[in-house]
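Chemist: Below: sequence and its predicted model.
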Amino acid sequence: MPDHPDQEQLAAYQAGDVDRRERLDVEAHLAACPSCAELVASVGHARGSLALLEEPDLPSGLHDRITAAVEAGAATDATRPVVGRLGSLRGAGSGNGSRRSRAERRFGSQRSPGAAGSQGLGETAGSQGAGEAESEPRVLRPVPWYRRPAAWGAAAALLLAALVVPFLNQSAGNRTTAGGDTGGGAAQEAAAPAASAASAASAASNLPVFRVQGEVTADTVRKRLQTDPQARAALSGAAIPQATDQGGGAFRSSAKTTTPGTGAPAGAQSPAAGAQRQSCLTAASAAADPATRPLAPAFFIDGTYKGRPATILVTTSTSQPDRVDLWVFSRNNCTQVLDTEQVR
Amino acid sequence: MNGPSDESLLAAHLKGDPRAFGELVSRHERRIYGLCLRILGNREDAEDATQEAFLAALRKAASFRRAAAFSTWLYRIAVNAATDQARRRGRARVTPLHPEDAGLPAPGDDLGEAVASAVVVQTALIQVPEEFRIAVVLCDLYRLPYADAAQILEVPVGTVKSRVYRGRLALAEQLGGPPSLRVAGPGTESRPAASEPTASDRPRQE
């Protein structure tokens, strides 16, 4: 028997990428060599097994996450004329619709069988077939919020911007908030007309911080809102839309005129804390039910939630002003929403 | 749906149309996510890479040239985002934690056997060396022509073919092919890609 063809030669033969003479040589060899024939069969089997891998559904929440990140990315790119106006991305792919059948979801199913292997993705210029398939409404599986991804690129982008703004706002010294009713005024006003990334960053980092001894629940927040005029003021301040919404982005700034302060001042925030707090809003917005967005941040609570030190963001909704939610984070770590409750 | 082409949407975006880029995201996100998932093998990394791919596309939008199809351009960005993500992780996770993480049907999906097989295939695929795995994903799973994959990977067509062959061989080995099957690693070159560059010195134009 002549030498075995090398493995790549066999693979090339299988793929039809050999000339006629080479093909005849390989075929002659295979007819006489069980081990090479077995190799060819196993490679064919491996290739066929790939058909078991269907095109996966887009994970729940990913569309919104990408949208939020793109919004933040656009907002931080000063050369782009679309700052703060990418809200139209939101929900474009997250509506309800009929679930595509398993067969339809297979790779390559949009193509005729004969075209497989030569048609690519059918997404070259002018071809709308694949675009059509891609734009079909998707069903988002109801994945619980706490299973949603925690790494927020949007948070990172806003964090950068937020690192700058609190430095301008640090005049408040021993006041409850980094900006509050004094030093933050200018920044808050600046936040109103244009939803720039920097002013959006100030929206959350300037919020009042209430320190609560003991366990925080939706109930304690509810009571606090009933009994504490400052908490109420923070909430009503948040609910007032300050800027013309240029498209409903989650990062639209909602500047406040709240009276900060509380019986339990939390002390001034460091710039880093302010930036961190902004990422709380970003994370909460990304995790929020689209119907409640954009979120309007009202105040923070530093307290204990289910026995763990927590930073809790309380928001209302610009679209549903009566709604109040709380968003639980690890103390001073806004990267991941740990829990959420609807207060009212 | 008869909408504008991807390329004209990108042009509209560059002229300031606030909706255009969002439409591009909606059109391509699922496919890009699928690509990242097959390259990376787990959902979390695939989500990160998908997001990063669209952010990179946003940043690089102005550098898009009509010489290539938008999808080819976007795939190149996505492949780079996925390999960057793998590098950040240090290594690709070998085993998906959960079928759902691998983008596979959930066990209750009445296809228990298919699920098991798909898990086996995904697990085998992720063991294939990255360079070969990407070529297999593009050409065998996404069924791109070699020429398109060559554009995406910025290597000659012969190199793509070689990687696909070796990827299939590696996959066959992982799936329990014959013992005689010993796949040549990236260091041992043979035809037709005698000068195939490694992943690290691959040019990174996007």
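Modeler: Alright, I've got the coordinates.

Chemist: Check which element follows the helix or strand of chain B with the lowest mean pLDDT along the chain.
Modeler: Using mean pLDDT, DSSP states H and E, the weakest-scoring helix or strand in chain B turns out to be helix B:112-127, at a mean of 77. Counting by DSSP states H and E, the element after helix B:112-127 in chain order, helix or strand, is helix B:130-136.

Chemist: buried ones in that following helix?
Modeler: B:130-136 (16 or more other Cβ atoms under 10 Å in any protein chain shown). (Each C-beta comes from the backbone N, C-alpha and C, glycine too.)

Chemist: same check, this time on stretch B:48-63
Modeler: So stretch B:48-63, judged by 16+ other Cβ under 10 Å, has buried residues B:48-58, B:61.

Chemist: ditto for stretch B:138-148
Modeler: B:138-146, B:148.

Chemist: So for it, first residue to last residue, what's the gap.
Modeler: 9 Å (Cα to Cα, to the nearest Å).

Chemist: model confidence over that stretch, on average?
Modeler: Across stretch B:138-148, pLDDT averages out at 93.

Chemist: Do any residues in it lie close to chain A?
Modeler: Yes - using Cβ under 8 Å from any Cβ of the partner chain, stretch B:138-148 comes into contact with chain A via B:140-145, B:148.

Chemist: Mind putting the buried residues of stretch B:138-148 into TSV with secondary structure?
Modeler: As requested, these are exported to TSV (DSSP: H, G, I helix; E, B strand; the rest coil):
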residue	secondary structure
B:138	helix
B:139	helix
B:140	helix
B:141	helix
B:142	coil
B:143	coil
B:144	coil
B:145	coil
B:146	helix
B:148	helix
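
Chemist: Looking at the residues you listed, which is nearest residue B:119?
Modeler: residue B:141 (15.8 Å; Cβ to Cβ).

Chemist: Quick check: that closest one touching residue B:31?
Modeler: No - Residue B:141 lies out of contact with residue B:31 (Cβ atoms under 8 Å); the separation is 11.1 Å.

Chemist: those helices in chain B, which residues are they?
Modeler: Using DSSP state H, the helices found in chain B span residues B:6-14, B:20-40, B:43-60, B:70-89, B:112-127, B:130-136, B:146-153, B:157-174.

Chemist: Mean pLDDT lowest where, among the ones you listed?
Modeler: With a mean of 77, helix B:112-127 has the lowest mean pLDDT of these.

Chemist: roughly how far apart are the residue most central in space within chain B and residue A:56?
Modeler: Among the residues of chain B, the one closest to the centroid is residue B:35, at 4.3 Å (Cα atoms, centre = their mean). The gap separating residue B:35 from residue A:56 is 10 Å, by Cβ to Cβ, to the nearest Å.

Chemist: cool, and residue B:65?
Modeler: From residue B:65 to residue A:56 the distance is 31 Å (Cβ to Cβ).

Chemist: Give me the more crowded residue out of those two.
Modeler: The residue with more neighbours, out of residue B:65 and residue A:56, is residue A:56; 21 against 6, by other Cβ atoms under 10 Å in any protein chain shown.

Chemist: Tell me the pLDDT of the more buried one.
Modeler: 89.

Chemist: And for residue A:41?
Modeler: At residue A:41, pLDDT is 86.

Chemist: Count the neighbours of it for me.
Modeler: 15.

Chemist: Might you report the residue contacts of it?
Modeler: Neighbouring residues of residue A:41 by Cβ atoms under 8 Å, 6 or more residues apart in numbering or on different chains: there are none.

Chemist: Can you tell me the element it falls in?
Modeler: helix A:34-49.

Chemist: Give the buried residues for that helix.
Modeler: Result for helix A:34-49 [16+ other Cβ under 10 Å]: buried residues A:36, A:38-40, A:42-43, A:46-47, A:49.

Chemist: Make TSV out of those residues and add distance to residue B:157.
Modeler: Shown next, in TSV, are the buried residues of helix A:34-49 (distance: Cβ to Cβ, whole Å):
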residue	distance to residue B:157
A:36	26
A:38	29
A:39	24
A:40	23
A:42	25
A:43	20
A:46	22
A:47	19
A:49	25
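
Chemist: If we check chain B, which of those are in contact?
Modeler: A:38-39, A:42-43, A:46-47, A:49.

Chemist: So is stretch A:322-339 next to chain B?
Modeler: No - applying Cβ under 8 Å from any Cβ, one finds stretch A:322-339 separated from chain B by no less than 12.2 Å.

Chemist: Convert that stretch to PDB, retaining C-alpha atoms only.
Modeler: The C-alpha coordinates for stretch A:322-339 follow below in PDB (Å, rounded to 0.1, in the frame of the first residue of the first chain):
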ATOM      1  CA  ASP A 322     -46.800  57.000  40.700                       C
ATOM      2  CA  ARG A 323     -44.500  54.000  40.500                       C
ATOM      3  CA  VAL A 324     -41.700  53.600  43.000                       C
ATOM      4  CA  ASP A 325     -39.100  50.800  42.900                       C
ATOM      5  CA  LEU A 326     -36.100  50.000  45.000                       C
ATOM      6  CA  TRP A 327     -33.000  48.400  43.600                       C
ATOM      7  CA  VAL A 328     -30.600  46.600  45.900                       C
ATOM      8  CA  PHE A 329     -26.900  46.500  45.400                       C
ATOM      9  CA  SER A 330     -24.000  45.400  47.600                       C
ATOM     10  CA  ARG A 331     -22.900  48.300  49.700                       C
ATOM     11  CA  ASN A 332     -21.000  50.600  47.400                       C
ATOM     12  CA  ASN A 333     -20.900  48.200  44.600                       C
ATOM     13  CA  CYS A 334     -23.300  49.100  41.800                       C
ATOM     14  CA  THR A 335     -22.200  46.600  39.300                       C
ATOM     15  CA  GLN A 336     -25.000  44.200  39.800                       C
ATOM     16  CA  VAL A 337     -28.700  44.500  40.900                       C
ATOM     17  CA  LEU A 338     -29.100  42.000  43.700                       C
ATOM     18  CA  ASP A 339     -32.800  42.400  44.200                       C
END
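
Chemist: domain assignment for chain B?
Modeler: B:1-93, B:128-197 (automatic domain parsing).

Chemist: Then chain A?
Modeler: A:7-52, A:148-342.

Chemist: For those, which has the smallest mean pLDDT value?
Modeler: Taking the mean pLDDT of these, domain A:148-342 comes last: a mean of 63.

Chemist: any idea how far residue B:163 is from residue A:14?
Modeler: 15 Å.

Chemist: the more surrounded of these two?
Modeler: residue B:163 (25 against 18).

Chemist: so who does the residue nearest to the more buried one when sequence neighbours are not counted touch?
Modeler: Nearest residue to residue B:163, sequence neighbours excluded (Cβ to Cβ, 6 or more residues apart in numbering or on different chains): residue B:135, at 3.6 Å. Counting by Cβ under 8 Å, 6+ apart, residue B:135 touches B:149, B:153, B:160, B:163-164, B:167.

Chemist: Repeat the analysis, applying 10 Å as the threshold.
Modeler: When contacts are counted by Cβ atoms under 10 Å, 6 or more residues apart in numbering or on different chains, residue B:135 touches B:128, B:144, B:146, B:149-150, B:152-153, B:155, B:159-168.

Chemist: Reformat the domains of chain B as TSV; add distance to residue A:72.
Modeler: Formatted as TSV, the domains of chain B follow (distance: least, Cβ to Cβ, whole Å):
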stretch	distance to residue A:72
domain B:1-93	9
domain B:128-197	27
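
Chemist: do you know which of the ones you listed lies nearest residue A:8?
Modeler: Among the domains of chain B, domain B:128-197 sits nearest to residue A:8 (Cβ to Cβ), with 5.1 Å.

Chemist: Just give me how far that closest one sits from the chain centre.
Modeler: Averaging C-alpha positions (Cα atoms, centre = their mean, to the nearest Å) puts domain B:128-197 13 Å from its chain's average.
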